[in-house]
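Participant: below are the sequence and a predicted model; questions follow.
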Amino acid sequence: MVSVLILYMSVGISLDTNNMNTHILRSEPSYPTYPPYHTGKYLEEYFFDFYQRNVDRFGKRQYIPVFWTNCYVNGVQEGWGDKVDFIEMQRELNRLDPNGSYFTVCQHDDAPMHILPTNTFVFSAGGNVVGSNTIPIPLICGRLAPQKKQEKEYLASFVGSTTHSIRNKMAESLRDHSDVYVSTKGWDPKVKYDQVEDFVSASTRSKFVLCPRGYGPSSFRLYEAMQLDAVPVYISDRFWLPWQHELNWNEFCVLITEDQIPDIHSILSSIDDDTYEMMKRKIQEIYENYFTMEGMSAKIMQMLEILE
């Protein structure tokens, strides 16, 4: 695909990003809702609306308003129309001034796969594309429905698909512990709602929710756990942690490296009740401002001010 992009690269010209081709770069989603409880705008769409509402508060760096997830997932499902749509996206992006300063916001794990001007900040929720101008943001969507508080009958739980070897290692390491609930299945983009209900039920009854990385280094579960009265346990070979300039993730999340997986149970069991309650209070303190769509969008705006 890279060779195809290079073949179609052309010298960019100065272009107001508001005049870019909406049909090519901001398509509507045609794929199954994911996660299935999600309602409203997806992350990239929400930020686009936020930018439109607050455009006067942004600096000189121009926003590249692409709905990367819609374009990529729609394109993969439809076979990219013999790659024409993918190439047309690059042609449109090539109209940007190669010497200009830009930023874009991506939910998709692999975005952007297209070539952008060198001086472009990429705010990435997925985290598979890493560079000096890439900035982590939370992988979030529409909120879960509010849940009643439940008795914590499990130390920890995981309900989900085995999309990465780390998830298999985690499940194997915990299978003999009766105080841990683990339910795994193969990957299917069409998640059934009873699986969501199982996840929500297990999570609300758990002190900790296991959040192993999937195809990308992050996981929706990190932020779902915070909504479900639990402390997230982030298990990864590469941590994708938003807002580290302001947040100490160890205050509200348990970080587990791949080589620590055999010790997950002992690590969680060693966290005393006072520390656990402090972690939950920290989540309540920071959640709205850092891990909601509106809070995330405002933080991106603030980050752009800092980076300039």
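Facilitator: Yep, that arrived.
Participant: any idea which helix or strand comes after the host helix or strand of Ile286?
Facilitator: For Ile286, the element it lies in under DSSP states H and E is helix 273-290. Using DSSP H and E, the helix or strand that follows helix 273-290 in sequence is helix 293-307.
Participant: now do that following helix: everything it contacts.
Facilitator: Residues outside helix 293-307 that contact it (CB atoms under 8 Å, 6 or more residues apart in numbering): 41, 43, 46-47, 50-51, 54, 57-59, 61, 103, 105, 121, 123, 135, 137-138, 140, 242-243, 245, 287-290. Heads up, the C-betas are built off the backbone N, CA and C, glycines and all.
Participant: same thing but at 7 Å, please
Facilitator: 43, 46-47, 50, 54, 57-59, 61, 103, 105, 121, 123, 135, 137-138, 140, 243, 288-290 (CB atoms under 7 Å, 6 or more residues apart in numbering).
Participant: for the helix holding Ile286, buried residues please.
Facilitator: Using 16 or more other CB atoms under 10 Å as the test for burial, helix 273-290 gives 276, 279-280, 282-283, 286, 290.
Participant: tell me the SS of the residue nearest the centre of the chain?
Facilitator: Central residue of the chain (CA atoms, centre = their mean): Leu139, 1.9 Å from the mean position. Assigned with DSSP: H, G, I helix; E, B strand; the rest coil, Leu139 falls in the coil class.
Participant: just the one 4 residues further on next, same as before
Facilitator: Per three-state DSSP, the secondary structure class of Arg143 is coil.
Participant: near the closest residue in space to it that isn't next to it in sequence, how many other residues are there?
Facilitator: Leaving out its chain neighbours, the residue that sits closest to Arg143 by CB to CB, 6 or more residues apart in numbering is Gln227, at 6.4 Å. For Gln227, the count of nearby residues is 20 (other CB atoms under 10 Å).
Participant: again, but for Gly40
Facilitator: The local packing of Gly40 (other CB under 10 Å) involves 10 other residues.
Participant: would you confirm that it belongs to a strand?
Facilitator: No. Counting by three-state DSSP, Gly40 is not found in a strand; it is coil.
Participant: that one contacts Cys141, doesn't it?
Facilitator: No. Contact criterion CB atoms under 7 Å: Gly40 and Cys141 do not qualify, at 8.4 Å.
Participant: how does the chain divide into domains?
Facilitator: 2-142+293-307, 154-290 (automatic domain parsing).
Participant: quick one, which of those domains gets closest to Lys148.
Facilitator: Evaluated over the domains of the chain, closeness to Lys148 peaks at domain 154-290, with 7.7 Å, by CB to CB.
Participant: by mean pLDDT, show me the worst of the domains of the chain.
Facilitator: Mean pLDDT per stretch puts domain 2-142+293-307 lowest among these, at a mean of 85.
Participant: same for the helix holding Ile286, what does it pack against?
Facilitator: With contacts taken as 3 or more CB pairs under 7 Å, 6 or more residues apart in numbering; DSSP states H and E, helix 273-290 sits against strand 231-236, helix 293-307.
Participant: which strands and helices sit next to the shortest one?
Facilitator: Think strand 231-236. Packing partners of strand 231-236 (3+ CB pairs under 7 Å, 6+ apart): helix 165-174, strand 206-212, helix 221-227, strand 254-257, helix 273-290.
Participant: strands paired with it, and their directions?
Facilitator: strand 206-212 (parallel), strand 254-257 (parallel) (DSSP bridges).
Participant: now do the buried residues in the last one.
Facilitator: What it means is strand 254-257. Neighbour-count burial for strand 254-257 [16+ other CB under 10 Å]: 254, 256.
Participant: got the contact list for it?
Facilitator: So strand 254-257 is contacted by 208, 231, 233-235, 239, 249, 264, 267-268 (CB under 7 Å, 6+ apart).
Participant: repeat that for the longest one.
Facilitator: Residues outside strand 206-212 that contact it (CB under 7 Å, 6+ apart): 152, 154-158, 164, 166-167, 170, 181, 203, 219, 221-222, 225, 228, 230-235, 254, 268, 276.
Participant: what angle sits between that strand and helix 165-174?
Facilitator: On the basis of axes from the mean of the first three to the mean of the last three CA atoms, to 10 degrees, strand 206-212 is oriented at 140 degrees to helix 165-174.
Participant: tell me which element Leu155 falls in.
Facilitator: strand 154-161.
Participant: sheet partners, orientation included, of that strand?
Facilitator: Its sheet considered, strand 154-161 pairs with strand 180-185 (parallel), strand 206-212 (parallel) by DSSP bridges.
Participant: returning to what we had before: contact partners for the residue nearest to the centre of the chain?
Facilitator: 107, 125-126, 218-220, 223.
Participant: what do you get for Pro136?
Facilitator: Neighbouring residues of Pro136 by CB under 7 Å, 6+ apart: 124, 127, 240-242.
Participant: who's it bridged to?
Facilitator: Residues in a beta bridge with Pro136, per DSSP bridges, are Ser124.
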